[in-house]
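Asker: give me the fold of what follows.
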Amino acid sequence: MPRYRPNIAAILQDDRGRILVAERIGISGAWQFPQGGIDRGEKKTEALKREVREELGLAETCYQPLFSRSGYRYEFPRDHGRRGSWTGQEQTYVLCRFLGTDADIDLRQDDPEFVDFRWIFPHEFQLVWLPEFKRGVYRQVFRDFFDIDLCPDGP
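Answerer: Predicted coordinates for the structure are as follows:
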């Protein structure tokens, strides 16, 4: 029976309509949304606050959750290092209005996951920034949140 790890992802959007993407540490050119697992007994709202704080150093006063959608699933490849007992992840994406400034973002955390961040318009996102197994979820997320059909080969 497949087991999916519960996961939360934050889509931070500024007042110009741009979204924040961050480049994974140790994987040059791999850009994604901040995201992470929901701990046992943790509410989704608590996990969102924790993940955004742990990955971006942002206080909850720097963003406002607007709405979320759940049920996005992907399966880990067999050789994936974080697979463990999980088949994959089931994600909830939360669109958040960014209320802070770039100076509020601090990627230098105790266990950093990102080396850089940037703001892009949703149509500028490129699926080639992601591992193959995550691309289907991102395509659906961009359809659902921005009514954009991302091209498999880029913009």
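Asker: buried stuff in the biggest strand by length in the chain?
Answerer: If you go by DSSP state E, the chain has its longest strand at strand 63-75. The neighbour-count check on strand 63-75 (16 or more other Cβ atoms under 10 Å) flags 63, 65, 68, 72-74 as buried. In short, each C-beta sits where N, CA and C put it, glycine included.
Asker: can you pull the contacts of the residue nearest in space to the middle of the chain?
Answerer: Centroid-nearest residue in the chain, with Cα atoms, centre = their mean: Phe33, separated by 2.7 Å. Applying Cβ atoms under 8 Å, 6 or more residues apart in numbering to Phe33 gives the contacts 9-11, 19-22, 93.
Asker: all strands for this protein, in order.
Answerer: Using DSSP E, strands in the chain cover 4-13, 19-24, 31-32, 35-37, 63-75, 88-98, 114-120.
Asker: now render those as TSV, adding mean pLDDT and distance to Leu107.
Answerer: Listed next are those as TSV, based on pLDDT from 0 to 100; distance: least, Cβ to Cβ, whole Å:
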stretch	mean pLDDT	distance to Leu107
strand 4-13	96	14
strand 19-24	97	7
strand 31-32	97	13
strand 35-37	94	14
strand 63-75	96	16
strand 88-98	96	15
strand 114-120	97	5
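Asker: who touches the helix ranked longest in the chain?
Answerer: The longest helix of the chain (DSSP state H) is helix 132-146. Residues external to helix 132-146 that are found in contact with it (Cβ under 8 Å, 6+ apart): 9, 11, 32, 69, 72-77, 80, 88, 91, 93, 95, 122-123, 125, 127, 130, 148-150, 152.
Asker: near Asp110, how many other residues are there?
Answerer: Applying other Cβ atoms under 10 Å, we find 5 residues neighbouring Asp110.
Asker: please apply the same query to Phe76.
Answerer: 19.
Asker: how close does it sit to Leu95?
Answerer: Phe76 sits 25 Å away from Leu95, taking Cβ to Cβ, to the nearest Å as the criterion.
Asker: if we can go back for a sec, got a winner among the contacts of Phe33 for most neighbours?
Answerer: Within the contacts of Phe33, Ala10 tops the neighbour count with 27 neighbours, counted by other Cβ under 10 Å.
Asker: hang on, isn't Phe125 packed against Leu150?
Answerer: Yes: if you go by Cβ atoms under 8 Å, Phe125 and Leu150 touch, sitting 6.2 Å apart.
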